[in-house]
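Engineer: need the 3D shape of this:
(chains A, B, C and D)
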Amino acid sequence: MTLFILKRLAQIIPVTLGVTLVVFLIMQMIPGDPAIILAGEGASTETVEELRENLGLNKPLYVQYGEYVNDLLHGDMGHSLKNKQPVLEEIATRLPITIELAFYSILITIVLGLIAGIISAIRPYSIIDASFMVVALLGISLPSFWLGILLMYVFSVQLQWLPVAGWDSAKHIILPAITLGAGGAAIVARMTRSSMLDVVNQDYIRTAKAKGLKGYVIIAKHALRNALIPVITVVGLQFGSLLGGTVLVESVFAVNGLGRMIVDAIRTRDIPVVQGGVLVASLIFVVINLAVDIMYRLFNKRIDLN
Amino acid sequence: MEKITLTVDHSILTNARKAARKKNRARFMNKMKKNKAAVAGGIIIALYLLIFLIGPLLAPYDPYDVQLEQKLQAPSLEHLMGTDDKGRDIFSRILYGSRLSIGVGFSAVLFGGTIGTILGLIAGYYGKWIDSIISRILDIMLAFPGILLALAIVSALGPSLINVTIAVGFFSIPMFARIVRGSTMEVKKLEYIDAVKTLGANDFTILAKHVFPNILSPIIVQASMRLATAILSAAGLSFLGLGAQPPSPEWGAMLSSGRDFIFTAPYMAMFPGIMISILVLGFNLFGDGLRDALDPRMKN
Amino acid sequence: MTTKNMHKPLLQVKDLKQHFALKKEKLFGEKQVVKAVDGVSFDIMPGETLSIVGESGCGKSTTGRSILRLDEPTAGEVLLFGKNLVEMTKKELRLARKDIQIIFQDPYASLNPRRTIRQMLTEAMSIQKVVPPAQQEARMLELMSFVGLRPEYLERYPHEFSGGQRQRIGIARALAVNPKLIICDESVSALDVSIQAQILNLLKKLQRELDLTFLFISHDLSVVRHISDRVMVMYLGKVVEIADKHSLFSQPHHPYTKALFSSIPIIDKEHRKERILLKGDIPSPLNPPSGCSFHTRCPFATDKCKAEIPNLRDITPTHKVACHFAENLV
Amino acid sequence: MKDEKVLEVKNLQTYFYSSEGIAKAVDGVSFTLHKGETLGIVGESGCGKSMTSLSLLRLVPSPPGKIINGEILLNNTDLLKLSDEELRKIRGNKISMIFQEPMTSLNPVLTVGEQIAETIRLHQGLSRKEAWQKAVEMIRLVGIPAPEKRAKQEPYQLSGGMRQRIMIAMALACTPDVLIADEPTTALDVTIQAQIIDIIRNLQQQLGMSIIFITHDLGVVAEICDKIAVMYAGQVVEEGATDSIFAKPLHPYTNGLIQSLPKLYEDQEELSTIHGTVPSTYDYPIGCRYAERCPFATDLCHDQQPDLMTVVDDKKVRCWMYSEEWQGKHLRGAV
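Structural biologist: Take a look at the predicted model:
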């Protein structure tokens, strides 16, 4: 186990470097001269040259990348082109909001998804199962940005129960969290159901029945534990979709989180802010993946034998 | 050994061949027919493809024709889905937009699916260091959460529908590659692969004739599911203003401009949203059904 | 059995080793190696059937796969008509494989589900160019009649056949390239006894008619007794005993062979022997015991067995045993 | 004591309903099991022997399977008439079962000790501690060294042979009247199979339960069973004492089966075979189900199904050759 954790930690290093490389290369992919873009349109030739010199844009690519990583290690993500503030500071104010949103969303994903999935699996092909699965199918098919607008229209515009947008009170959290968590909940519910149905057909469940165990003991003790193992991985992947989804949901509900920061920065071509935002979101995801893998391994010791 | 002379009526063989083919097709269709979800999904997709092909011919108005005096009209017989803030007919715009929204999805999946499949086949079949390298690259691509990688690519290439296609296709590469790699590794272990190896077949023959046809099912299922995601992502990027630019009738972009009028003209956002949702639903249903029909493990 | 070439082996296997490295499990542990096949040597004469028997994990199937280089052997030589397969380039090997074919255990996994029997046979003939295209049709019909399948079956897909018929198709595919040696890897193990008997009869008939040589790998001793000329017993990657079948079955020398034979459930009461129950499980090939690898379960083991690895030595000219005390135990 | 009937199965029919039709997996099976006796049910794949065993505890996967007819009398109580709750108290307690795949039949995430102990707690109402001690005792009883340590391990840490021993310990923990062993040694190596057979036999002597042993291996049956029921195409075709069946099989199928086994003490150039294949469970012929493959079949065999008739003593056979109708036309004992 310790070896596994150490190995897994070691794997993070190349992945993290890879992520920084990709983010760094984004700058290089920009058609045209990055110095001109960074200087902003209409800047004088001297300003452009000065910027090129300052940012080391005339050095070879690998040197630039080395410097970029070195800066990152010192907590320097560059400065916003728009307000000249350090990118890190901007992220520091935005990130907590996104984390709060993500926390409530994943809670919805896990709790709703598991409950619906288990109920469906206990009574497969029943009316309740069918209705849950139809809802789940809708959940994975509705675009989150549209679902957000729909919810906003119903609960804020028509019923006026909840605020339209912003991030000031607990009431503000409800709609964005549901919007963001709904897709994940649908996926988790579907996965839990199919995993449970799969497990119920296993030989050891037949053994449990042959022993005369009570129905609920078979479900709770023998089936559920095994069925949840693949669900762990799915939940882990949902974190990723969720972090990506903040971009859309924060835009719909005008939440000033990391996602909205990235979108705004792309619109204004504020490349260093985009880089910083994408990098931070990805690194968070890398760490979450690590945690999920370790959890998976703890629950499933049979892995890797044979 | 004695030479055996064999006389066989060749019409028997030809007939047997025809019958075999027919039987096989019938078997697959039978399975699909029993699967109502797949049929429903298939019908939805077929309808959309019809709109894709002939939609613009049916459009009653020019989708770009600004008629400010007609703006924000509620749905009526004249304008089935109403008009937008510039007085353009939403129904006509939806029909024209189908080419963009559906086209982007298909192109992106074709792009990502081809590259992903090739990478997955190579990694899964050869294993060892080739697999390590490809897998590490895929790991890095998968380390970007959700559509953030596509977003980052668009931020560099600049907002446009083509760039969105490239970006969405790019981020579906690892999804295909992973599935294909896993399936290839499974099929590679089967004895019939060893048998053709023993017959002296080369790697290309083995991959093309013996591995690929047998992993086609998971690839098709994945493609159907990926189409759903790709359409959602592309619409999402356009919604954020990073894809199709106004006045393009791309559905995500239409939805985006409709959101500002949610108090006064909710139908502006409703119709494009419904169109996207039903299309995505169709692909999800189809993919689900296909998986049940093709995947032997899912059989009861 | 033909008399020509009687004294020149068709296949010689010399000190064949197949070691697989495992992933490390413990942080400071050594890298673990499974010695699936560990120094196996034997010859096969033209026209004979040599069987390898043993329980799971003994390395019998791996030996077969290593000979064909389906798994690359770690060390050793495999000489086919005197030419070493192990040293061949990929291209040379592809050509050489025409002479050795393999028939597998699983009648379901051994045929590509998406290809008709015709496609399979055509491919086999085309790859090795054994039959000019114009004559392929006739040859295919001949192959089908060899294995007792109706010609119209050529157009069918594998899923339309029963297990026994699939094994016949596998045999036809192997015969398509006119091989000299056929490796049968548990080829009848998955079949019901009545079907198994049909396939065994077919294999014997083909051997007579086509001058084939068989390397027959099986865990089923009565099947092995029926089909073989000589039998080799393996335990944990090593050969423990090899002899002609009558000598081996009437007078097994190795304590493992004896225990194995005594474990077979027998219908006729008169032939039932006193059962030698071995203690414990087969040790993991990951940590094979020191010395003689059978000493942990051997009722006669001494300190010498724990320390020294016994060599495979001649007891009679046709009977070899790897046991320190073979003579004392008969 | 041998005459005391423990289990009596009468005309059991278990069918499977699917879009392809009705599969008559078990089609009118009857047999009797006495106290302390071992009954072997033999047959080739698809003959319905496993479905018969699953039907006894109503473990047939449903849907698509359904027991549509018959009686399963355990000490004169019909199991098919019990409520689920009543049946649950019999499963694992009065009748228990071991399966073919020791690798998949144990729950991978629970310790083997717990899996045994929970059965004991359930049926005998012992406390956690007592049940655990009893579980450890059972593990010792099936011959696993260091039972205290093994009880705390999970199945993946045990070998195939040991897992099957654990299954046996679990099945016998409540000293059942009947043990159903469904191909318990098929997945094991011969030397391990010999150990398992030895344990089952010893424990039968100690605990006195009756055993139904399902297998395709005639050798195993010959060694362990007192009497045998041979199944073909969902029906019992021959039943009788083990020795008499192997010495003089009456049904042509039983005979064909025995003859097609390669002999261990005799050289044979060619094995005798049964030609053709088993008929589809969806579409049995109207007459004798073996007629198409039978070398002695007549029009009568193709047209009418024979009953399972008693021939001599306890020996029963489902074949027209032993009927009065046949006697008129042919000489008896053509086999």
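Engineer: contacts for the lowest-mean-pLDDT helix or strand in chain A?
Structural biologist: Lowest mean confidence among the helices and strands of chain A (mean pLDDT, DSSP states H and E): helix A:34-39, at a mean of 71. For helix A:34-39, contacts defined as C-beta atoms under 8 Å, 6 or more residues apart in numbering or on different chains pick out A:27-28, A:30, A:43, A:47-49, A:51-52, A:55, A:57, A:81, A:269, A:271. No exception for glycine: its C-beta is placed from N, CA and C like everyone else's.
Engineer: now do stretch B:258-271
Structural biologist: A:146, A:149, A:152-153, A:157, A:252, B:72, B:74-75, B:81-82, B:84-85, B:90-91, B:94, B:254-255, B:257, B:272.
Engineer: same question, stretch D:129-147
Structural biologist: With C-beta under 8 Å, 6+ apart as the contact definition, stretch D:129-147 has outside contacts at D:112-114, D:116-118, D:120-121, D:124, D:126, D:148, D:150-151, D:162, D:165-166, D:168-170, D:172-173, D:195, D:199, D:203.
Engineer: still on that earlier bit, okay if I get the contacts of helix A:34-39 as TSV plus secondary structure?
Structural biologist: Below are these laid out as TSV (DSSP: H, G, I helix; E, B strand; the rest coil):
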residue	secondary structure
A:27	helix
A:28	helix
A:30	coil
A:43	coil
A:47	helix
A:48	helix
A:49	helix
A:51	helix
A:52	helix
A:55	helix
A:57	coil
A:81	coil
A:269	coil
A:271	helix
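Engineer: quick one: secondary structure of residue C:105?
Structural biologist: At residue C:105 the chain is in coil, as set by three-state DSSP.
Engineer: can you tell me the closest non-neighbouring residue to it?
Structural biologist: Closest residue to residue C:105 apart from its sequence neighbours, by C-beta to C-beta, 6 or more residues apart in numbering or on different chains: residue C:186 at 3.7 Å.
Engineer: my guess is the one you found contacts residue C:61, does it?
Structural biologist: Yes. If you go by C-beta atoms under 8 Å, residue C:186 and residue C:61 touch, sitting 7.0 Å apart.
Engineer: look at those two and report which has more neighbours.
Structural biologist: More crowded of residue C:186 and residue C:61, by other C-beta atoms under 10 Å in any protein chain shown: residue C:61, with 23 against 19.
Engineer: which parts of the chain are strands?
Structural biologist: Since no chain was named, I'll use chain A. Using DSSP state E, chain A contains no strands.
Engineer: show me how it divides into domains.
Structural biologist: The record's domain split for chain A, according to automatic domain parsing, is A:14-73, A:87-299.
Engineer: hang on, the earlier thing: give me the distance between the residue nearest to residue C:105 and residue A:179.
Structural biologist: Per C-beta to C-beta, to the nearest Å, residue C:186 is found 57 Å from residue A:179.
Engineer: ok, now residue D:282?
Structural biologist: 51 Å.
Engineer: and what of residue A:239?
Structural biologist: For residue A:239, the distance to residue A:179 (C-beta to C-beta) stands at 16 Å.
Engineer: neighbours around the closest residue to residue C:48 other than its chain neighbours, how many?
Structural biologist: Nearest non-adjacent residue to residue C:48, counting by C-beta to C-beta, 6+ apart: residue C:229, 4.4 Å away. Using other C-beta under 10 Å, the number of residues around residue C:229 comes to 18.
Engineer: so residue C:229 makes contact with residue C:244?
Structural biologist: Yes. Contact criterion C-beta under 8 Å: residue C:229 and residue C:244 qualify, at 6.5 Å.
Engineer: the more surrounded of residue D:282 and residue A:179?
Structural biologist: A count of neighbours by other C-beta under 10 Å puts residue A:179 above the other of residue D:282 and residue A:179, at 27 against 12.
Engineer: give the contact list for the more buried one.
Structural biologist: By C-beta under 8 Å, 6+ apart, the contact list for residue A:179 reads A:144, A:147-148, A:151, A:249, A:252-253.
Engineer: which of those residues sits closest to residue A:233?
Structural biologist: Distance to residue A:233 across those (C-beta to C-beta) is lowest for residue A:144, with 21.8 Å.
Engineer: my guess is that closest one contacts residue A:185. True?
Structural biologist: No. Between residue A:144 and residue A:185 there is no contact under C-beta under 8 Å: 12.0 Å.
Engineer: quick check: closest non-adjacent residue to the residue of the stretch 151-300 of chain A found nearest chain C.
Structural biologist: Residue of the stretch 151-300 of chain A nearest chain C, by C-beta to the nearest C-beta: residue A:297 (12.6 Å). Among residues not flanking residue A:297 along the chain, residue A:4 sits closest, at 5.9 Å (C-beta to C-beta, 6+ apart).
Engineer: now whichever strand or helix holds residue C:95: buried residues?
Structural biologist: Per DSSP states H and E: residue C:95 is located in helix C:90-96. Buried residues in helix C:90-96, counting neighbours by 16 or more other C-beta atoms under 10 Å in any protein chain shown, are found at C:93-94, C:96.
Engineer: now, of the contacts of helix A:34-39, which are buried?
Structural biologist: Burial by neighbour count, judged by 16+ other C-beta under 10 Å, picks out A:27, A:30, A:48, A:51-52, A:55, A:57, A:81, A:269, A:271 from those.
Engineer: re earlier: overlap in contacts of residue C:186 and residue C:61?
Structural biologist: Any residue near both residue C:186 and residue C:61 by C-beta under 8 Å, 6+ apart counts here, and that gives residue C:217.
Engineer: run through the bridge partners of residue C:78.
Structural biologist: For residue C:78, the beta-bridge partners under DSSP bridges are residue C:13.
Engineer: those strands in the stretch 101-250 of chain C, which residues are they?
Structural biologist: Counting by DSSP state E, counting those that start in this stretch, one finds strands in the stretch 101-250 of chain C at the ranges C:181-185, C:213-218, C:230-235, C:238-244.
Engineer: likewise the stretch 101-250 of chain D?
Structural biologist: Along the stretch 101-250 of chain D, the stretches classed as strands by DSSP E, counting those that start in this stretch are D:178-182, D:210-215, D:227-232, D:235-241.
Engineer: show me what the longest one is packed against.
Structural biologist: It stands for strand D:235-241. The helices and strands touching strand D:235-241, judged by 3 or more C-beta pairs under 8 Å, 6 or more residues apart in numbering or on different chains; DSSP states H and E, are strand D:21-34, strand D:227-232, helix D:252-259, strand D:315-317.
Engineer: check whether the longest one comes near chain B.
Structural biologist: No. Looking at strand D:21-34 against chain B by C-beta under 8 Å from any C-beta of the partner chain, there are no contacts, and the closest approach is 13.5 Å.
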